[in-house]
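1. Requesting a structural model of the entry that follows:
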Amino acid sequence: MSQRRLGHAVWVTEAFALLPLLALGGCPPLSSRFADALAFDFNVGGPPTAIRVDAPPVFTSQPIFDSIPGTVGSHAPTVTAFPDGELLAAWYSYAGPGELDGSAIYTARRLAGQDQWEPPILQIDRPEGDGNPVLYSEADAVWLFQAVVPAGWSTAHIEMQRSPDRGHTWSAPRALTGPLGSNVRFPPVRLTDGTLLLPAYDDLLQRAQFFASADGNDWTLRSVLATPPPYRCIQPAVVELGSGRLLAVMRNTGRGWLWVTASDDGGLTWASPRDSGFPNPASATALLRLASGHLILIYNDSNTDRHPLSITVSGDDGVTHHPLRVLVDGDGAYAYPAAVQTPDGLIQIVYSDNRERIGHITLNEAWIVAGE
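-> Sure, this is the predicted structure:
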């Protein structure tokens, strides 16, 4: 893991990025400012903080499905877990040749105590393109966010549905008010003050966005982050640390490295994004805070290719990281991971398996820190 610190100036880019939004009716709130005085350490190198796990290593891998009739590709999975360990996954599949041609949202369920996934179910198929579903749950309640795409990703907007019964029935879709091109990739986090903070981005101006909600129904755009071309920051993944600080990693559209930033005021302002020291091939990266308080980062360990798919763990809020473990490798694209931890402590990871199927990996912290 290289230790680059590029120190890009970003506030000028943000100012220019606001101008087109005035015409589009999507200007972010005035609180969207950089907290340039906010100092934080991330991936500084050196010996990692020790992690002791009193459990044998666990690692299993299987696809959620082998194929879906009438589709040629599947991508951008998401997964959530219920209190008894039941899993619900979602993704979008498409008929091709483009990734939005005939795209629709599918879901699959793995019941508690079972090893196999139930067959995929067509969840949403509208005349517009459907993409990038995101699942989030609390107890039996589930949120499903997704991009609705009339004519290419830059025309997208975000819609949300809620379910009181683990995704068996759903409310009518509700649109989130945001700039043209708004899109999602990772789930919201419930902050200590009760606010739900949804990381998002827009494909038109290629910026990170953060929506907030007090009740889970009505969402407002809380802040926006922009970085200079060609190194745009999109697809943020957010965690709240034990201190209340927010930490976010973001895809770099210019490739090379993964962006990282932090916030001490609930996502109203953010430190100027900087190079995390982790490579990024212009691909989404998952960040998850475990029940232990440790952080896992699931990413493509390359600055050009969406392979291998790797994982690392940090025992000190991201300051240092254990040596990576490779999850899957080969000549294909193994990317767009999403992760959740089940009540038994196991980590459930889903990913796009060369766009042919959705892969599922189960592992634990002991496997990550055991090394090769």
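
2. Now the helix or strand residue 352 falls within: buried residues?
-> Secondary structure assignment for residue 352, by DSSP states H and E: strand 347-353. Using 16 or more other CB atoms under 10 Å as the test for burial, strand 347-353 gives 347-353. C-beta coordinates here come from the backbone N, C-alpha and C atoms, glycine included.

3. Stretch 154-169 now?
-> The neighbour-count check on stretch 154-169 (16+ other CB under 10 Å) flags 155-163, 166-167 as buried.

4. now stretch 62-73
-> Neighbour-count burial for stretch 62-73, counted by 16+ other CB under 10 Å, picks out 64-65, 68, 71-73.

5. cool, stretch 133-150 as well?
-> Within stretch 133-150, the residues that qualify as buried by neighbour count (16+ other CB under 10 Å) are 133-137, 142-149.

6. ok, now stretch 75-91?
-> Here stretch 75-91 shows 75-82, 85-91 as buried, counting by 16+ other CB under 10 Å.

7. Show me which pair in those is furthest apart.
-> Farthest-apart pair in those is 75 and 85; separation 26.0 Å (CB to CB).

8. if we can go back for a sec, just the residues contacting the helix or strand following the strand holding residue 352, thanks.
-> Counting by DSSP H and E, the element after strand 347-353 in chain order, helix or strand, is strand 357-363. Strand 357-363 has contacts (CB atoms under 8 Å, 6 or more residues apart in numbering) with 57-67, 74, 77, 79, 89, 91, 108, 117, 311, 327-328, 334, 346-353.

9. Could you tell me which other helices and strands whatever helix or strand comes next after strand 357-363 packs against?
-> Counting by DSSP H and E, the element after strand 357-363 in chain order, helix or strand, is helix 365-370. Applying 3 or more CB pairs under 8 Å, 6 or more residues apart in numbering; DSSP states H and E, we find helix 365-370 packed against strand 309-314.

10. how much does the strand it packs on deviate in direction from strand 357-363?
-> Using axes from the mean of the first three to the mean of the last three CA atoms, to 10 degrees, the direction of strand 309-314 lies 30 degrees away from that of strand 357-363.

11. Each with direction, which strands does the next helix or strand after strand 309-314 pair with?
-> From strand 309-314 onward toward the C-terminus, using DSSP H and E, the following helix or strand is strand 325-328. Here strand 325-328 has these sheet partners by DSSP bridges: strand 309-314 (antiparallel).

12. re the thing from before, let's see the strand holding residue 352 as PDB, backbone CA atoms only.
-> What follows is strand 347-353, C-alpha atoms only, in PDB (Å, rounded to 0.1, in the frame of the first residue of the first chain):
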ATOM      1  CA  ILE A 347     -18.900 -10.700   7.500                       C
ATOM      2  CA  GLN A 348     -21.100 -11.200   4.500                       C
ATOM      3  CA  ILE A 349     -19.600  -9.700   1.200                       C
ATOM      4  CA  VAL A 350     -21.400  -9.600  -2.200                       C
ATOM      5  CA  TYR A 351     -19.700  -8.400  -5.400                       C
ATOM      6  CA  SER A 352     -20.000  -8.300  -9.100                       C
ATOM      7  CA  ASP A 353     -18.400 -11.500 -10.500                       C
END
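
13. Give the other helices and strands that it contacts.
-> Counting contacts by 3+ CB pairs under 8 Å, 6+ apart, strand 347-353 is packed against strand 73-81, strand 87-94, strand 295-300, strand 325-328, strand 334-341, strand 357-363.

14. strands paired with it, and their directions?
-> With DSSP bridges as the test, strand 347-353 pairs up with strand 334-341 (antiparallel), strand 357-363 (antiparallel).

15. just for the chain, where's the confidence low?
-> 1-33, 372 (pLDDT under 70).

16. where do the helices sit along it?
-> Taking DSSP state H, the helices of the chain run over residues 11-24, 365-370.

17. Now do the end-to-end distance for stretch 182-191.
-> 22 Å (CA to CA, to the nearest Å).

18. How far does the strand holding residue 352 sit from its chain's centre?
-> The chain centre lies 12 Å from the centre of strand 347-353; the measure is CA atoms, centre = their mean, to the nearest Å.

19. Do I have it right that residue 367 meets residue 325?
-> Yes: here residue 367 reaches residue 325: they are 7.1 Å apart, a contact under CB atoms under 8 Å.

20. Look up how far residue 310 lies from residue 271.
-> Distance of residue 271 to residue 310, computed by CB to CB, to the nearest Å: 25 Å.

21. ok, now residue 327?
-> For residue 327, the distance to residue 310 - CB to CB - is 6 Å.

22. Name the residues contacting each of the two.
-> With CB under 8 Å, 6+ apart, residue 327 and residue 310 have common neighbours residue 298.

23. Which parts of the stretch 201-350 of the chain are strands?
-> Assigned by DSSP state E, counting those that start in this stretch, the strands in the stretch 201-350 of the chain fall at 207-213, 220-225, 233-240, 246-252, 259-263, 269-270, 274-275, 286-289, 295-300, 309-314, 325-328, 334-341, 347-353.

24. JSON lines for those, including distance to residue 198?
-> Shown next, in JSON lines, are the strands of the stretch 201-350 of the chain (distance: least, CB to CB, whole Å):
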{"stretch": "strand 207-213", "distance to residue 198": "4"}
{"stretch": "strand 220-225", "distance to residue 198": "9"}
{"stretch": "strand 233-240", "distance to residue 198": "9"}
{"stretch": "strand 246-252", "distance to residue 198": "12"}
{"stretch": "strand 259-263", "distance to residue 198": "14"}
{"stretch": "strand 269-270", "distance to residue 198": "15"}
{"stretch": "strand 274-275", "distance to residue 198": "23"}
{"stretch": "strand 286-289", "distance to residue 198": "15"}
{"stretch": "strand 295-300", "distance to residue 198": "20"}
{"stretch": "strand 309-314", "distance to residue 198": "24"}
{"stretch": "strand 325-328", "distance to residue 198": "26"}
{"stretch": "strand 334-341", "distance to residue 198": "14"}
{"stretch": "strand 347-353", "distance to residue 198": "19"}
